[in-house]
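**Student:** Okay, structure incoming, though there's no sequence with it:
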């Protein structure tokens, strides 16, 4: 991975970290809590967020210029997910991971 | 999956079929042929195409409205992949799968 | 994909079909129903089933002999998922997809 | 992810790191080098290694006990991939990532 620029390496790390946090919290926090945490719109957003982060990481690793488009979509979904996790509450770890990922994906998409 | 509209069900099938064809042909045709078939730009495009098809299918199965954005990107990459496979030659199965997938993804993205 | 044997092609189809059914029903049926449907052990099993089916399909498409091991694990998880979906009830589509996938994965694993 | 044990957190990191290294080196080193680097058996092994690492990470994040089985398979493929990368040469980064991942996956599988 030494061919990745420092910015892309940071974005890759943030994507894999956000993927891990969203999937893990959905499975091990939201399912335990129930209520708003398993409300379909919120839970699906977390699963979509995990998947687009995983995909954007994959595109940067492939080294395809299309990573700009997956990163743009990733930034948008992460931003929405951060807001929704903030609304539901008790999910600060997820809010933080989504914010960091959104920020570095926006730079990649530019 | 009986909650999917007929159009989305068809798009899902085309995405999974294009994912399967691109990955299988890259691994079992391009690697055997070598030459232009393993030229980085072509091979990476096929891997990116396989991945975005897999992701768009995933988004439609989740049932998130963001599938419109992944389908738009999927249509674009499939179209490029179809053209590049046509240029390299000997990849008609891939050209056809990419064309069909691009067409139904464009409808989803609208 | 014309290099796949008829048995492997059938197994691939069953894996992609089971992946689609498990993911779609978890997201669009279980989350709506709540109760036992979102009980962590059941929901996680469905997500694990979707993922191992996706992975086994990927291994068959790559054309690696390790597909025998992913198919063996896939058969085991699908069997468990079929039983658990039967217990929870109201999930016959999932039971059927898991049974079909388990059966063809067992043949691949042999 | 604060519910993961330190051992599992380390294994997760090693899986994501090995996934990243295998995929990135296949796409950005092997395709450039050609020759033995794109010989089907070697290249497919790298792709299978990337995928099983990705899947094992996913299983640990889901928090399913089946991660023991995916980790066992992951350890086996990583070990083979390390050996084959050593044979081909010029791939020390990949050898190291595969060895580290194999070691921690073996502990998880126990």
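**Tutor:** Great, that's in hand. Bear in mind the structure is a predicted one, so any value in this text is a computation, not a measurement. Numbering: from 1, shown residues only, chains lettered A, B, ... in the order given.

**Student:** before we move on, which element is residue A:9 in?
**Tutor:** Residue A:9 belongs to helix A:6-25 when assigned by DSSP states H and E.

**Student:** and for the helix or strand just after that helix, what are the contacting residues?
**Tutor:** Later in the chain than helix A:6-25, the nearest helix or strand by DSSP H and E is helix A:31-33. Contact with helix A:31-33 is made by A:37-38, A:90, C:38-40, C:43-44, as judged by C-beta atoms under 8 Å, 6 or more residues apart in numbering or on different chains. C-beta coordinates here come from the backbone N, C-alpha and C atoms, glycine included.

**Student:** of those residues, list those near chain D.
**Tutor:** residue C:44 (C-beta under 8 Å from any C-beta of the partner chain).

**Student:** Okay, and which of the contacts of helix A:31-33 map to strands?
**Tutor:** Using DSSP state E, no member of the contacts of helix A:31-33 falls in strands.

**Student:** If you count neighbours, what's buried in stretch A:24-39?
**Tutor:** Neighbour counts over stretch A:24-39 (16 or more other C-beta atoms under 10 Å in any protein chain shown) mark A:24-31, A:37-39 as buried.

**Student:** Can you give the distance of that stretch from its chain's centre?
**Tutor:** Counting by C-alpha atoms, centre = their mean, to the nearest Å, stretch A:24-39 is centred 17 Å from the centre of its parent chain.

**Student:** What's the end-to-end length of that stretch?
**Tutor:** 17 Å (C-alpha to C-alpha, to the nearest Å).

**Student:** how far away is residue A:21 from chain C?
**Tutor:** Residue A:21 sits at a distance of 16 Å from chain C (criterion: C-beta to the nearest C-beta, to the nearest Å).

**Student:** which bits of chain A sit near chain C?
**Tutor:** So chain A meets chain C at A:27-28, A:31-32, A:34, A:38-40, A:43-44, A:47 (C-beta under 8 Å from any C-beta).

**Student:** switch the cut-off to 6 Å
**Tutor:** Within chain A, the residues that sit near chain C (C-beta under 6 Å from any C-beta of the partner chain) are A:27, A:31, A:38, A:40, A:43-44.

**Student:** Which two of these have the greatest separation?
**Tutor:** The distance between the two most remote of those (C-beta to C-beta) is 15.7 Å, for A:27 and A:40.

**Student:** Next, the contact list for residue A:13, please.
**Tutor:** By C-beta atoms under 6 Å, 6 or more residues apart in numbering or on different chains, the contact set of residue A:13 is empty.

**Student:** And it, how close does it get to chain C?
**Tutor:** Distance, residue A:13 to chain C, by C-beta to the nearest C-beta: 23 Å.

**Student:** where does that residue land on pLDDT?
**Tutor:** Note for residue A:13: predicted pLDDT of 98.

**Student:** can you check residue A:3 too?
**Tutor:** 76.

**Student:** That one in helix, strand or coil?
**Tutor:** coil (DSSP: H, G, I helix; E, B strand; the rest coil).

**Student:** nearest residue to it other than its sequence neighbours?
**Tutor:** residue D:28 (5.1 Å; C-beta to C-beta, 6 or more residues apart in numbering or on different chains).

**Student:** Brilliant, that's me finished.
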